[in-house]
Each structure stands twice: as structure tokens, then as C-alpha cells.
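In: Prediction below, plus the sequence it came from.
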Amino acid sequence: MITVNHYLLLSAILFAIGTFGVLTRKNAIVIFMCIEVMLNSVNLTFIALSRHVGNMDGQIFVFFVMTVAAAEAAVGLALMIAFFRNKESIDTDDFNMLKW
Amino acid sequence: MENLVQEAIQNVNLQAIMPSLVLCVFGMAILMVSVFSKRGSTTHIAWLSIAALVVTGFVTLIGWNNPQAGFAGSVLLDNFATFFSMICIIAAGLTILMSDDYLRREGYPVSEYYPLILFTTAGAMWMASGTDLMTIFLGLEVLSVSLYVLAGFFRNQTRSNEAGLKYFFLGAFSTGFLLYGVALLYGVTGTTKVDGIAAYLMANPEAAMNTMFIAGGSLLLVGFLFKVAAAPFHMWTPDVYQGAPTPITAFMSAGPKAAAFAALMRVTIIGLDGLQSELTSLFWILAVLTMTIGNFIALTQKDLKRMLAYSSISHAGYVMVGLVAWNEIGLSAILFYMLVYTFMNMGAFAVLVLIGKKGEDNLTLDGVAGLGYKKPILGIVLSIFLFSLMGLPPTAGFTAKFYIFAGAIEAGYIWLAVLGVLNSAVSLYYYLRVMVQMYFKDPEEDFAWVSINGPVTISIVVSAVGVLYLGIFPHTLMSLAKLAGF
Amino acid sequence: MYSNLWLIPFFPLIGSIINGLFGKKIKNEAVIGGIATGLMFLSFLVAAQNFFKLLGDKEKVHELVIASWMSVGNFQLNWELLLDPLSAVMIMVVTGVGTLIHLYSIGYMHGDESFYRFFSYLNLFAFAMLMLVLGGNALVMFIGWEGVGLCSYLLIGYYYEKKSASTAANKAFIVNRVGDFGFLCGLFVLFWALAEKGVWTLNFVEIAESGHLLESGGLLITVVTLCFFLGATGKSAQIPLFTWLPDAMEGPTPVSALIHAATMVTAGVYMIGRMNGLFAMAPATMMTIAIVGGLTAFFAATIGLAQNDIKRVLAYSTVSQLGYMFLAMGVGAFSAGIFHLMTHAFFKACLFLGSGSVIHGLHHAYHHAHLHDDPQDMRNMGGIRKKMPITFITFLVSTIAISGIPFFSGFFSKDEILWWSFGSTRGHCLLWVLGAAAAGMTAFYMFRLVFMTFFGEQKTDARAKDHIPESPFTITIPLMVLGFLALIGGYIGVPKILGGANRFHAFLAPVFEHAQHANEIHAHGSHATEYTLMAISVAIAIIGIFTAWVMYVKNPELPGKFVARFAGAHRVIFNKWYIDELYDFVFVNPCKKIGTFLWRGVDVKIVDGVVNGCAWVVKGIGSGLRYTQSGYLYNYAMIMVVGVVLIVGFFVF
Amino acid sequence: MADNLLSLMTFFPLLGILILLFLPRDNGGLLKGVTLAVSLITFAISLPLAFDNVFTTSGGMHYREFYQWINIGDFFQMNYNIGVDGISLWLVMLTTFITPITILSTWDAVEKNIKGFMAMLLLLETGMLGAFISLDLFLFYIFWELMLIPMYFLIGIWGGKNRIYAAVKFFIYTAVGSLLMLVAIIFVYYFAQQSGALTNGFGIQELYKLDLPYNAQFWLFLAFGFSFAIKVPMFPLHTWLPDAHTEAPTAGSVILAAVLLKMGTYGYVRFAMPMFPDALPTFIPFLAFLSVVGIIYGSLVAMMQDDIKKLVAYSSVAHLGFVMLGVFAMNLQGLAGGMIQMINHGISTGALFLIVGFLYERRHTRLITEFGGVATKMPIFATIFMIVTFSSIGLPGTNGFVGEFLALMGAFQSGLRWYAVFATTGVILAAVYMLWVYQRVMFGKVTNPENENLKDLSAREIAIMLPLLLFIFWIGIAPNTFFSKMNPAMELMLEQMGADKVAVVEMHQPADGHAAGHTNGHADTNADHQ
Amino acid sequence: MEVILFYLTAIVAIMSAIFVTQCRNPVNSALNLITVFLCLAVYYVMLESPFMAAIQIMVYAGAIVVLIVFVIMLLNLGLAVKERYTHGMAGSGVLAAIVLFVANYFIRYGEATGTGGSVTSEVVASYGHTELIGRAMFVDFLLPFEIASILLLVAIVGAVIISKREV
């Protein structure tokens, strides 16, 4: 029997993998994809819990998370493009003007 | 189907979202206007936005002492929300006032800038008034996404790009944590409504022992702590503040931060009331950490914007002292402090806007050498803001700090107050350094900056008057803050 | 009755103010000197009037309250004056001798560029001294006490362009301050001790009345009196604080005569006399005073043996004579001490003025011959008696008086002291030995001085030799008056065994007798002993004079041989027992070193070091923390995750 | 008018600043004249206080003004609550008296940014006056901090070479202390509120009546005491003072010495001691020890200085030591001595700084070795310097004596006897360093050719000094003018401090009474303290 | 059956997620990301939320990833970008492990207690998932829904002005 805990565990694993990716990758787009993995794991949690709890709030939340993800994707990718135009790179090592 | 619509309409209470509604309507209207306006002429858009904010301000004030709930418990426009909304409106207004000439000087007279600020403000209002985590979250996202854009607004400027990107990535990252927290809380309590969580906690005190609940709560906090730039989630602040256009930096340090505090307060004080003892000890540590890190690193800064960024971190630390106090005084002190901080910090940034050259490379300590002589009035005004940031009477910074520490001491956190004032003492040094440059050094080069006047002056004057007035006659606003506190 | 008492100090005060403020405008020496001397003389007249009034009055103690000074709670202090036989004697001496010296100064200071300043100071001094002696309570006395110190400072440093003068002035004031420290401590302890007993006062009359409340011979009274005595040693140049007085000779000679011989330096003696009731109750203190006095008399005399500067010899002589007075006070011979004070004022003033006259003459001569020799060095003198006969005669009279040759004033007073030191209940024969030895040495060095100066070959530079004039009458008149007083001044105190009535003693009796009776202080012994002692002392004096004659008139090469023979001893004596060096080594240099150490070491390094160190540490931490802000996104993210983990861990675990 | 005398006096200088704002920046004479006029009017406004006999009869607060200012329900209340009593009276007078003098002293000294300078002086005056008359802790704190700002600028803008370091040091040093005091102020308020004793905001007269537990008093006294000790400054918190004094312009030094330092001692008398009487016995020996160390230490260090101004600064440390010792004696004489010594120090040391300023204006150096023989060139100056020197040494007949004498006498009568003995050595040391510097500067021959052309004091400079000299003698000869108005207030204050618990000798003992009962009590306390 | 499906999908999801983080070529990461999304869609179906599964595929796989790939292509990042694994690697791994552990820990010791809602499987079956979503969204969460529209507006405006080439 698959319980809610299975789902929660899976999503925790995915969340951790996403986090790991954010921490280790230096390609901005890949980092963004890792963030998407994290968001998706959250979505999984929401839906699993929504079913477990027995109301639709969680699923609605997932809906909005997707919206947000889309919005962020638009803005984020736009920012990356703008940056790329100036620096010919989206490597996070090149985000180095502002420090200390 | 009929009764579904009925049901839906029953939930609608436009009064509860009137300020943000007005703002959004204005925002969209201004977007439309900007489409038809001549490229590069943004002044009338700016004034339109100001008008929008003024109207919104009135609309917001109407809601004072008239709490309105609506949308099935999604929002509650109480005094608390009203107060914070006003802070955001003021912050946005001051930002817009200092933006127009600035944008033109920097070569980005883009009219969409203003609606974005309006939408940000609306997002902030939703954060302040939201009682459902979903509303708060979406408000936060509206605010964040606009700010990502605004921070990276100077799209041909690498610094601005970098600021926007860093803000974006770290923001999105923290959003992940925030969401995960919400999810876990939802799992435990079965709801995303703040009062629902509180009710659940009331009914099931053992939930405080439920690791899922606790982990959810703390991950939720992380999201807000990120926005208020509390250590150790402050890392984005200096970089973003430094890289973003100056008015946006000013805005970020005041409006969104206030909104984040509002949300944080609503979630913790109302929602997680049952965790008070754990949360206060956490906040205790974070407050000290935040102000210490902010102040200590600020000591070494040469770039004024970056220094003010660190100073803004430390101020977040002071504000958290009020949260630690977790009592009426402390909480209303946060409201008062944020308002005062809006005035003093935005004032300081407005002066920076005024004295910056194109590209703003001169906004360093050496860059303001002798300012007090070349531009005496500007010097005096900047001094007032700095004194206020230091927390010296008779400026508002002092009354605000007093209020905050009074809360902490009333709650028995004397050592926190002592650490707080010692931190203020450290902070004196770097604020004084600016004044040392302004008054005690002769100018290294002639001040030949592109002198911009106009609306910026208004924002400076408003801020200065606010700082002094609230310093000498804080009574009215303190009383209002008292009424607005929980 | 005695309501015009305040005029006595008032006259000199206004003289001082007038000359001080307007002297520069007046310029005319005659007017300036006239104002100063005239006012001093007026003061003398008032003093004399009061003195004689008091002589005929049965009631011997009179207080005059002028105004309230400080009034804090129970501490009520007035500006008040006190006239009793003791202060009456003192005001006569001060105004009398003072007037003469003012007169003398007109001649002596002639041509000085800040003539007015001198007279302003001199008048101010007279004012302070009169406040000292007339002061009705300890604090008014202290005003005078410090006031004379101030004037002494000003007058020693009168030639302020000379480094040695200003240094001497500083030394005088600072050493006096050490004494004042004692005075103040004594005052505080006394006030506190009496306040404990419910008497809140510093008034002398009341102190005398309530002295019995304190335990006689107890610790408290001993401490109080010792403190006061420390004050007295400072002002009166006793061991251990005598070093300033010889240096004080840097001042103009009239100053030396007035301040450092006749009046100020006797203030300590006067003060002990004024508080005799307290001192009498503290035998230990009395003993200390007697010993210190005796030793001072002796040691100063030894130093006097070897000095060549005419004024320095007199200075050490003064110290020695003051030692006598203290010896007297210490053995309970209060009136004898005051008596010696008075006679000493006459003859020592005369001696100083006489030496001043000599110096004046020599200075004149050197000036005439454009020489820069030291006009004060006795080795340059000799044979001056013919040039300056009046000076010589008066000087000789005073020298005889100080040597204790019978029927001169010094004899009576000195002899009474010696007798008391031997025969008093508080005396001891060793004290007598000290005193007698000092007397012999005094006779020797005084006559050495006379012989070197006035007799023998004139050793002055040939060019100046014939230009030594006798001094003008403003100088000689005071000399003559004082010489006359030195001659006859002793006759008011002729002791009973010599057939006198000792009227001086009787006059002062109301002041001293009570304490002496109450504490059983009296001299006892047979007349035979008294006569014997008297004879011995006279003999010693004559031996001293004879030796001087042998060494400096008959065999002038003898001293050289003598010095060569006892080179070590001579060096020690000549260098004043190296006391100055000792003090430099023990007090002055360590103080400077400590001061420097405290400043450079403690203040700058430690205290400021800690303060700046704090700032440095804070800044260091700041710049360390700063590097966490690396600018790299993944670092930021990692720190966030660490934060998340810690926060979650904080709650969960 | 009379009802609001104090407010008028306090805020009149602010009005002056407003006027200054509208004057042309480059007309220095006009600016100075207006400022002088403003300060003189302020002085005139304050004069009725000095002549009001109400102080001689009653020790309470007079000229009270009370307005509600901030009242946030049960959160906190602050009131505009001011008044003077005999203790603050003379400090207020000193402030209004010294300010015109300092303004006059800047006539030729300040050339750069005169407008700002004058505005700062006036702002400072408001701050100082406000601090002296505040009867509400919160109000006091505001004025207290308000003084920092102008002083900071005075040092930093118009100061000497090392001015930035000095200004920042001054600012942070004092601010650290006062921030801790802020915590203590809030704490005492809530403590009072929770114990239900407080009805009237931060009013100190209510706070006096509190009976706080010892433990709280201990910490509160520590916080207040620390803050005031920095301001006094007491050893070892004094190191900001020499720097600040040395670098400050003459006017700044004068005000700093004359009035600002008194804030610390005044703070002890008005706040720290009467509010926390139970903690006093614990702290007094310690503080008295530090005072005595300060006296000796300050004197010894002063002795070795080569900069005249630094010397005077260190001498301040010593002088303030006497003040503190007198105050801690906890009896009427000691307190009176301390209070009058505050005034004295203001006058004498203020005068000394002016004197150093005169020299500095002429020669642009303050190194002692640069001088020598000045007396020949500047006889009037020499005379005035001499008088002030002796006032500083504490010669009887001058003001310094009265203060030192009473302070020491009070200490001798209290349990601080042994401290007082050591303190009295300060009398010797004062003479050493003051006379030594006087000798080195004034006496001797003119060796430095640059000193050949020194001009004697101008009429203006003499006019500056004359009032000070007047008071030097006035206080020295007739201090009762001052004591008579201070006495009732001090008696009241001592009662509040619980002097009977600490002091050794009962002060209200009639002069002819017998004191058998007191000796016992004294023996006990005496043993405790030694 | 259900269990096997769960585990199989989980393995695929985890592997793809790891590939997302590890692939050197961003395009490969994007493709793996699609796999993750698809796996999650499978779970949504298993969790009786078919509508969410559809949205997942449409929005995520269909829109967002396409956008990402588009940007990758636009920026011509394909093979050009060399990955540099630096010091961050080890530390990050440890941190990720801690996150995993903590997550594991609280799920083990925590409990999703908020059960008892009205929406059971039967309800879903009878009403249909889509209707339930719609009802919740337009009755209870109308305001968030409206805010979402503003959010999208902001995002569009923002994206436009940021990516515009000239002012």
C-alpha cells in the first residue's frame, strides 16, 4: 500500500536533489531547472497531502505554484538573456561584479 | 451552477481589497496610457502614478478602524494591514518621486517602470492583508517578480543585470523553501489559512511536538526571513541593493521589507502563536545575528549603497527585536519602526540619487567628501537621515529604537536590548564616516554632477520632515501604531 | 572697640590693588613707593593703636566678625578677625618691620622697570600676612597662609626672566604646598573630630574652648597636630621641607628680609602658638617638634658654615633660627618661641637689609664698571666697612644679637629657649646640646660673614673697588631703626633671674598659660643651673666668634687648609647634605617618570589601547565577515541552506 | 512669560539658529553679532533665576512646566517636564553665562563656515540647558544626546589636525555609555510600572520614590553610572577627553570643559544617586577610589604633557575627581563642595582653555617648548593667566579653594576619609603641573624669535576674561551667594540619596548638640568602608 | 500493481532529477526535466488528480521547458559551456544529504494529521476532479486567482522590458 508518506519521502528526495543542483551547478539555466525540480517536488507534496487531507486547497495551491513558476520562468529567462547580452555568459561565476 | 456563482459572489468583498484593487486598476490604466505616450517621456506617467498612490492612500485610510474580511478568509483589511499598506504607499510614492529624473539621467526613461512599482505595492498590500497563505504567497510573488524586473531594470548595465539575476535565483530558491513549508503546514493542519492554522494549534497543542508541523513552520519563516533580509538569509541584500537602480534599492529596503514583516508577523503572531517560546528564542538569535552581521560588515564598506544595504540588514535585526518581545509594545513598535525607517532610509537614498552621477560610480565615501560645504542643505538633510539611522534624538530613528527596545525590555529581554544598543554603538561608526567625509574632508574634485532637482527634492523634504516630526512629536503615530498592532 | 581691626589688612590690600592696576600708568617711583609705604604705615598706626588699646584692656581676646564666608549646613564659616596678645605682637612686628622694609625697598628697587609690580606684590604680601596673623578661624588663617605662599612665589620669581628665579619660586610654592597638604589634613581631621563631639567649628577661640573634648595625648589629637606641624615645616622651612628657603634668595633682598626672615617663615611658629592648646595636649607631637626644631637648627647651621653667598648664609641662618623657635614650641616654651620670633625679626631683617645694602652697593659698583661678577659672593667682598659705615654698624649689632652675646636682643630670647629645652617638662638635655651647638656655629658663621664682608682686604675687582657708595637714606633709615631694635628689643623680655620682669611673657600669658597649666608644662630647675647654662652658651658663642676671627681675619689661609683636610665633610656641607639631590632622586624624578609612564604607558597604551583595540577587533571581525559575501551565487545559496538546516534543526531537535 | 521662563530660555537659541539660517553666509561679523546677541538674551532670560530667592527657602523644583508629550496609553508616557532647583540652578546659569563668552572668544578664531559654527554653538546651548532642567528621564536623554551632535561637529569641522579621530572617538565613547543608559531608563520605567508605583511617565521625582529591589538598583546604577562616568570622565574612561580637548577649537574646549563634563557629575547627583540609593553603598567606595585615582593620575599625567591643552585636559580629570569625591561623600559639605567645584571647574578650566586659545591664535602652536618668556611680551595676559592658574590650583580666596576644601572636608567627614587623604595630595600635584607649565610658558627669556612680536590681549579678549575673573573671586570670597540657594535643594537631595544610611556624620545635628549617639554609628560604617 | 508503478516511477523520477542536476549539456538537463515532470504527472493521476496531471504536462512540460530549451538555443549554450566542478561540490553534497535526512526525519516522526476533509475518493469520483478544482478556485480562492492574473501581467511586462534590446 502506498501511503502519503511514500509520496512525502519521494518529494523530499526530489527537493534535496533540486537543492543539490542549485548548490553545485554554475550554469544559470541549469540552476533554474533545479529550482523547477524543487518546485515540482513541492507540488507533489501538495497533491499527495491534498488527497490525504481531503480538501482541494493543496491542489489549488499547486495551480498557483505553476503560475508562479511560469511567471518566474518568463522573468528569469529574460534576465538571463539580458545578462548574456552584456557578458556573453550565464555562468554564475561571472556574476561577480557585486561582492563584499 | 447558479448557486455556484451566488456562492462565489457572496465571498467577494471588494472593500477588503479596495486599496490594491484601486492600485491595480490604476496600474493597468497607466500601462495602457504608456503604450500611447511618446517614447522617452515618462514624467506624466510618474505624476499619474503619484496620483494613483494618493488616491489609493485615501482609499486605504478609509479602511482605518473598519476591518474588512472577504474572499472566504483570504484577506483581512484590518488596521494592521492598513498601516503597512500606508507604509508601502509612502515608500512607493517616495520612490516614484525620486525616479523620474533619475531614470532619465541613467538613460532608461521607460514608462512601464511605474506600473511595475504600483503592482509591487499592490503585492505588498496583499502580503500585509492576506490571511491565507495562498494570498500571502501570491502577493509575495507579485512583489518579488516585479522587483526582479525592477532590480534588473537597467538591462544594458551588467551590474543591474547581476543584481536582478541574483535576486531572482535566490528569491526563487527561497520560494521553494517557503512553499515546502506551506505544504507541510497544510499537511498537518489541513488548511492554508492563518487563523485556521492557529485554530488547529489551539485545538491540538501537541502539534507543537509534531516535527512536520515545526519543520513546515520554520521553512515558512525562511521565506519571509529571506525577504526581510535577516541573517543568514541576507546574502542577496548587499549585492542586489548595490546593483539595483537607486530608487528601487530605496524602495526594496522599505516597502517590500515592511510587507515581509507584516506577513511574518501575521503568520507568526497569529498563526504560530502556540510556538511562541520556540520562535522567540529563534528570533532572539537571528535578531542579534542579523544586526551584528549587518553592522560589522557595514563598517568596512566604501560604497554608500552597499553600506546602506548592510545598514538595512542591521535595521532588520532591530525590528526583529520587536518580534522577539512578542508583546503589544514590541509589535506596534515594529509598525512604527518600519514607517520611520521608510522615511529615513528613503531620504538617505534620495540624497544619493541626487548626488550620483551617471552610472553612480561616485557614490562612495570619497565621493561625498566636502559635500557639506558644496551643498550645505543637502549635507544637513543627509546628516539628519544619518542621525536618524543611528538612532539619535531628536530624530525619529531614536523614538523608533526606543519603542522597539521598550518592547524588548518590557518583555524582559534586557540583554537583547543591551546587545541592540551596543550594536547601535558600532553602527555609529560607519554612519559617522559618511559625515566625516561630508564635513571634515575637503572635496577631492569639484561637484559637477548632473544636478537634478524637481520631484526628488519633494521626496527628500517629505522624508526629512517625517523624520523630524516623528522624532519630536511621535505621539500620534505611536498611538496609531498601537491601534494597528495586534 | 576694636572694630577698626579690619583696616589693618585692608590698607595694604588697597595699596596692592592700586599699584597693581594703575602702577603702570603712574610710573613715578616716588608716588608708587609712597602709596605702598604710606598705606603700610597707616596699617602700622592702626595696629599700634589696637596694640596699646589691648595693653590696657583687661579683656584680652577680641573677635571681629566681618561677614559670613561659607555657610553649608552646620558648617558656618565667617570672615573673622581675632585680636589677642599673640596676634597683637605679630601685627606689630609685621606692620612695623613691613613698613621699614617698604621704605627700604624704595631705595633698593630704584630704577627697576616693574617697580609698581614689586610694591603691589609687597603690599599684597603684607595683606596676606596680616590675614594670617589676624585670622579668627583656621580657614581665614589659611587664606593668609596660602596668600603669603603666593606672594612669596611671586616675589621670588620677581625676576622671572631668570630661570633660577622662576624655578626657585616654583620650588617654594610647591614645597609649601606639601606643607599645606598637612595643614589641610589637620584641619579636616580636627573639624571632623570636633564635629563628632558636636562642635562644628574652625574658630580658634572655640577650638581652644573645646579642645578638651578630645582625648589628651590620644591618637586623634596627635594626628591633628602632626598634620599641622607638617604644614608648619613647609612654611617655616624645617626639616624635611627646608630646601626651598635658601633657593628663595633669588628674590630681591627686601623680600628675603621681609618674607624669608621676618614674617612669613615664622608663620609656622605662630600657628603652633595659635593652637598651643591642641599641641600641648599631644606630647608626642611636641616631642617631634622639639626634635625636628633642634635638628633643623643644627643642620642648617652646619650648612651655613660653608656657604659663600652672603644671602645664602643668612638663609641657612634663618632656617637654623626657625629651628630654635620650633625647639621652643616643642618644649612648651611658647612665649619664648614667640619672643625669639620677634627679636629674630628685628635682627634678621636688619641683617638681610644690610646684606642688601652691600649687594646694592656692589651691584652699583659693578654696573659702573661694566662687570658681571656676582655681587652676592662673599669672596669678592672684604673691607667694605669703610665704604658703608652705617651698614656696617647696624650689621655688626645684629650679628652680635644673633650670636647671643649678652644684653643684645638675641641673647634673651635664645637663652630662654635653651633654658626651657633643658629644664622643661617636655625638654631634654640632648635638645639643649643641639641648641647650644647650633648657637656656637651660628656665632661662627655669622662672624665669618662679617669678617669676610666688612673686614680685611677689599677683594672686589679693582675697576669697581672705588665705586661702592653708602646706600641712600631710604635704605639706611630702616637699617638704623632695625639695628636699634636688635639692640634693645630683648629688654621687654628680660628673664626674672637677670632681674627683669619678663613683661613679654606676662603679656602673652593669657594665650599660653592655660594650656601650659593644663598640661603641666613648665621649666624647672635651680637658678644655679640656669646661670650655668647661660654661661656655657655665652662661652660657646664667644668661642665661635673667636674661631671665626682666627680663621678669617688672623689667618685667612686657614680655611683653605681646613677645607683641604676635611674635603669630604666640607663637600657634604657645602652641598647642603645633598638634600636637594636626594629629593630629586626620591620624589621629583620618580614623579616625572611615573607621570611619563602613566601617560605613555597606561593612558596611551593600555587604556586607549583597549579602547582602540575594541574598535580594531570589531573592524577586524567586520572585514572577516565581509568575505562571506563572496559574490558567488552558489555560496549565497549554500549559506541559505545552512541557515535552513540550522533553523529546522533548532526546532526539530 | 515667567510661566515659561525655562522653556523660553532653553529654546531661544534654537530661534537664534533660525535667524542665522536667513543671514548671508559670508558676513561673518553679522553672524557672530547675532549669535552673541542671542546668547546674551538667553543669559538675560535666565538671570531672574539667579536672583530668585525662592531657592533659598525651598529645595524643591521651581519654575515647573509640565505638558503631556507622548502618551501611548499603557505603553509609555513621556512628558515635557522641566524645572530647576538649587542644584541645577547654577549649572544653568553657568551655561548661559559661558556661552556668550565662548562666542566672543571665537571672534577672530573661526573663519571657516562661521554660520555653521554659530549654529552649532547655539544648538549645543539648547542641549545643555535642556539636560539640566529636564525632570523627565526621557526628555533628559534626548537633550543629553542632542549635545553630542553639535559637539561632534565642533570638534570635527573646526578642530585641529587629528580632529577626525578625536571627534569620532568622542562621539562613540560617549554614545556607548548613553545607549546603555537608555536601556536602563527603559528598564527602570517598566520596573516602576510593573510595581505599580509609576503614575507620571519618566518623571524623576516619581522615580525617586520607587523602592526598587537591591539587585535591580545595582544593575541600574551600573548602567547610569557607567554612562555618567564616561562623561565626567572618570578614570579609566577618560581617554576621549584629552583627544577631544586637544583637537577641539577653543570655543569647543571651553564649552566641553565648562559645561559638558558637568553633565556627568550632574547626572550622578540628579539621577544615578537619588534614584538608586540602596546600591550606593556598594558603589561608593569603588567610585571614590576611581575618583582618587583620577585625581592623582590626572595630575601626574598632566605634569608630563608637552601640549598645553592636553595638560589642561588632564587637569580636568583631576578636578572632576574632586567633584566626584565630594559628591560621594554624601554629606552636605561634600555635596556643596562638589557642586560648587563643578561651577569652579567650568569657570577656571574654561578660562584656561580660553587662555590657551589666545596663545594658539597668536602662534598656532600649543607646544610648551615653543614658548617661554611670554610674560615679558604680554603682561596683562600673564596676570590673567596667573590668576586663573591659581584659581585652578585652588588658592584660598579664589573659587577653586572653596570647592576643593568643602569637597575634601565632606569626604573627610564621611567614610571616605582615607580616600580623601590621598585626594588631598592632588592639591600638591596641581601646584606642580600648573606652576611648571606657567613657568615654562611665561617665565624666562624669550628664546623663540617667533615670540618676539606677540601682542598683548586685545580689549575684546580682556572683556572675555573679566567676567570669569570676577567669578573666580566672587566664589572664592563670597560663595554664600551660591550656597544659600543650593543648600535647601542639597538637603532634600541627600535625604533622597539616603545619606543617613551612608554618611558618617548626621548632618542636621544642631551645632550645640551632643553627639554621643552618632559616634557609634559612625564607627560601624567607618569600618565597613575602610 | 500500484506499488510497483510507484516505485518504478520514483526511480525514473529520481534518476531524471539527478540527471537534471548532473548533465553537462543543458539541453539534456531540460530533457530530463521533462521526464521528471512526466513522472510527477503519473503520480498526480495515481493521486486521483487527473486535471492537475494535465496541467502539469501542459504548463510545465509544454510551456516552461519549451521556454527553457528555447532560451538555451537562443543563447547557443548547447555544448559551449564547460562545467567546472569546484569546492562547492563536496560541501553541497553533504548539505543536500542533511536536507534529505531532515526531511526523512520529520516525515518519520511527524504526521500529516490534518485529515478528515470532505473530499474523499468517492466525492472526486462523483463530482469529477475538474469541477472540484473549479469550485474551489472560484469560490474559495477567487482572490488568489485574480492575483495570479496580475502576477502574469507583471511577468509579461517585465519580461518584455527586460529582454527588449533597445530602450
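Out: In hand now; what should we look at?
In: For residue C:516, pull up the helix or strand it's in.
Out: Residue C:516 belongs to helix C:503-518 when assigned by DSSP states H and E.
In: Can you list the buried residues in the helix or strand that that helix is followed by?
Out: Following helix C:503-518 in sequence order, the next helix or strand is helix C:527-549 (DSSP H and E). For helix C:527-549, the neighbour count (16 or more other CB atoms under 10 Å in any protein chain shown) marks C:530, C:533-534, C:537-538, C:540-541, C:544-545, C:547-549 as buried. Yep, even glycine has a C-beta here, placed from its N, CA and C like the rest.
In: lowest-confidence helix or strand of chain E?
Out: In chain E, no helix or strand scores lower on mean pLDDT, DSSP states H and E than helix E:88-109, which sits at a mean of 67.
In: ok, back up a step: run through the neighbouring helices and strands of the helix holding residue C:516.
Out: Applying 3 or more CB pairs under 8 Å, 6 or more residues apart in numbering or on different chains; DSSP states H and E, one finds that helix C:503-518 makes contact with helix C:85-108, helix C:276-280, helix C:334-369.
In: Same list (these) but as JSON lines, adding mean pLDDT.
Out: JSON lines is the format used below for the helices and strands packed on helix C:503-518 (pLDDT from 0 to 100):
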{"stretch": "helix C:85-108", "mean pLDDT": "87"}
{"stretch": "helix C:276-280", "mean pLDDT": "84"}
{"stretch": "helix C:334-369", "mean pLDDT": "84"}
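In: I'd like to know which of the ones you listed is closest to residue D:492.
Out: With CB to CB as the measure, helix C:276-280 is the member of the helices and strands packed on helix C:503-518 nearest residue D:492 (36.4 Å).
In: Who are the packing partners of that closest one?
Out: Applying 3+ CB pairs under 8 Å, 6+ apart, one finds that helix C:276-280 contacts helix C:204-210, helix C:219-235, helix C:283-305, helix C:503-518.
In: I'd like the secondary structure assignment at residue B:69, please.
Out: Three-state call for residue B:69 (DSSP: H, G, I helix; E, B strand; the rest coil): strand.
In: can you tell me the helix or strand for the nearest residue to it once chain neighbours are set aside?
Out: Excluding its sequence neighbours, the residue lying closest to residue B:69 (CB to CB, 6 or more residues apart in numbering or on different chains) is residue B:76, at 4.7 Å. Using DSSP H and E, residue B:76 sits in strand B:75-77.
In: what about the helices in chain A?
Out: For chain A, the helices defined by DSSP state H occupy A:4-24, A:28-53, A:57-87.
In: Apart from its chain neighbours, what residue comes closest to the closest residue to chain B within the stretch 251-400 of chain C?
Out: The minimum distance from the stretch 251-400 of chain C to chain B, using CB to the nearest CB, falls at residue C:251 (50.6 Å). Distance criterion CB to CB, 6+ apart; nearest residue to residue C:251, sequence neighbours excluded, is residue C:156 at 4.2 Å.
In: Contacts only, for the one you found.
Out: Contacts for residue C:156 (CB atoms under 8 Å, 6 or more residues apart in numbering or on different chains) come out as C:165, C:168-169, C:172, C:247-248, C:250-251, C:255.
In: let's see 6 Å
Out: Counting by CB atoms under 6 Å, 6 or more residues apart in numbering or on different chains, residue C:156 touches C:168-169, C:172, C:248, C:250-251.
In: Equivalent analysis for residue A:11, please.
Out: By CB under 6 Å, 6+ apart, the contact list for residue A:11 reads A:41, A:44-45.
In: for the residues you listed, which one is nearest chain D?
Out: Distances from chain D to these, taken by CB to the nearest CB, are shortest for residue A:45, at 42.8 Å.
In: May I ask you to confirm that residue D:83 belongs to a strand?
Out: Yes: assessed by three-state DSSP, residue D:83 belongs to a strand.
In: wait, isn't it in contact with residue D:132?
Out: No: look at residue D:83 against residue D:132 with CB atoms under 6 Å: they stay out of range, at 10.4 Å.
In: any chance you could map the helices in the stretch 151-300 of chain D?
Out: D:163-194, D:204-209, D:214-231, D:240-247, D:250-255, D:261-267, D:273-275, D:280-303 (DSSP state H, counting those that start in this stretch).
In: buried ones in the last one?
Out: I take that to be helix D:280-303. D:280-281, D:283-285, D:287-303.
In: go on, the longest one?
Out: For helix D:163-194, the neighbour count (16+ other CB under 10 Å) marks D:163-193 as buried.
In: Nearest to chain B among the contacts of residue C:156?
Out: Nearest to chain B among the contacts of residue C:156, with distances taken as CB to the nearest CB, is residue C:169, at 43.3 Å.
In: Who are the packing partners of the longest helix belonging to chain B?
Out: Secondary structure assigned by DSSP H gives helix B:158-189 as the longest helix of chain B. Secondary structure elements in contact with helix B:158-189, counted by 3 or more CB pairs under 6 Å, 6 or more residues apart in numbering or on different chains; DSSP states H and E, are helix A:28-53, helix A:57-87, helix B:133-151, helix B:211-228, helix B:236-243, helix C:633-652.
In: Tell me which of those sits nearest to residue B:400.
Out: Of all the helices and strands packed on helix B:158-189, helix B:211-228 comes closest under CB to CB, at 15.9 Å.
In: Mind giving me the packing neighbours of that closest one?
Out: Using 3+ CB pairs under 6 Å, 6+ apart: helix B:211-228 touches helix B:158-189, helix B:246-265, helix C:633-652, helix E:88-109.
In: Next, the angle from the following helix or strand past the longest one to helix A:57-87.
Out: I take that to be helix B:158-189. Downstream of helix B:158-189, the next assigned helix or strand under DSSP H and E is helix B:194-203. Interaxial angle of helix B:194-203 relative to helix A:57-87 (axes from the mean of the first three to the mean of the last three CA atoms, to 10 degrees): 130 degrees.
In: Show me what the mean pLDDT comes to for helix B:194-203.
Out: Throughout helix B:194-203, pLDDT has a mean value of 88.
In: show me where pLDDT drops low in the stretch 351-500 of chain D?
Out: Where the stretch 351-500 of chain D drops to pLDDT under 70, the residues are D:499-500.
In: What are the boundaries of the helices in it?
Out: Counting by DSSP H, counting those that start in this stretch, one finds helices in the stretch 351-500 of chain D at the ranges D:374-377, D:379-393, D:399-413, D:417-442, D:459-477, D:480-497, D:499-502.
In: is any part of the third one close to chain C?
Out: To tie it back to what came earlier, the one meant is helix D:399-413. Yes: under the criterion of CB under 6 Å from any CB of the partner chain, helix D:399-413 makes contact with chain C via D:409, D:412-413.
In: any idea which helix or strand of the chain has the worst average confidence?
Out: In the absence of a named chain, this looks at chain A. helix A:4-24 (a mean of 85).
In: that's the other chain; I wanted chain B
Out: Ranked by mean pLDDT, DSSP H and E, the weakest helix or strand in chain B is helix B:2-11, scoring a mean of 78.
In: helix or strand right after that one?
Out: helix B:18-36.
In: what packs against that following helix?
Out: Counting by 3+ CB pairs under 6 Å, 6+ apart, helix B:18-36 packs on helix B:43-62, helix B:113-129.
In: Quick check: which of those helices is nearest to chain D?
Out: helix B:43-62 (20.6 Å).
In: is that closest one up against chain E anywhere?
Out: No: Helix B:43-62 stays clear of chain E (CB under 6 Å from any CB), getting no nearer than 13.4 Å.
In: Cheers, nothing more for now.
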